[in-house]
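Trainee: how does the following fold in three dimensions:
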Amino acid sequence: MKILFFGQLREQLGVAELLVNDGPDTVGGLREILASRGDLWQQYLSSKDVLVAVNQTLCDFDTAIHEDDEIAFFPPVTGG
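Mentor: As a prediction, the model looks like this:
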């Protein structure tokens, strides 16, 4: 699966894209695996404000994912 990071997440984690084979079955499971990469990953991905999309559709962390999916993590959008 292709994992994309946007905005502050991309800047702070220092990565725009990862490819994962044999990943977990849910977005939440993927987030847990990524958060285990270190303190910075834990800090930014465990935030309750982090948004996620699967195949360009916003979803929650219980959403099922498959090997050919694109998963995007990004901070909340703010505007004014």
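
Trainee: can you show me the CA trace of the lengthiest helix in the chain as CSV?
Mentor: The longest helix of the chain (DSSP state H) is helix 27-35. The C-alpha coordinates for helix 27-35 follow below in CSV (Å, rounded to 0.1, in the frame of the first residue of the first chain):
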residue,chain,number,x,y,z
VAL,A,27,-6.2,2.4,9.2
GLY,A,28,-5.8,2.3,13.0
GLY,A,29,-3.5,-0.8,12.8
LEU,A,30,-1.4,1.0,10.2
ARG,A,31,-1.2,4.1,12.4
GLU,A,32,0.0,2.0,15.4
ILE,A,33,2.7,0.3,13.3
LEU,A,34,3.9,3.7,12.0
ALA,A,35,3.8,5.3,15.5
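
Trainee: next secondary structure after it?
Mentor: helix 39-45 (DSSP states H and E).

Trainee: backbone dihedrals for the nearest residue to residue 70 once chain neighbours are set aside, please?
Mentor: Once flanking residues are discounted, residue 70 sits nearest to residue 2: 4.7 Å by Cβ to Cβ, 6 or more residues apart in numbering. Bear in mind the C-beta positions are built from the backbone N, C-alpha and C, glycine included. Main-chain torsions, residue 2, degrees, to the nearest 10: phi -100, psi 130.
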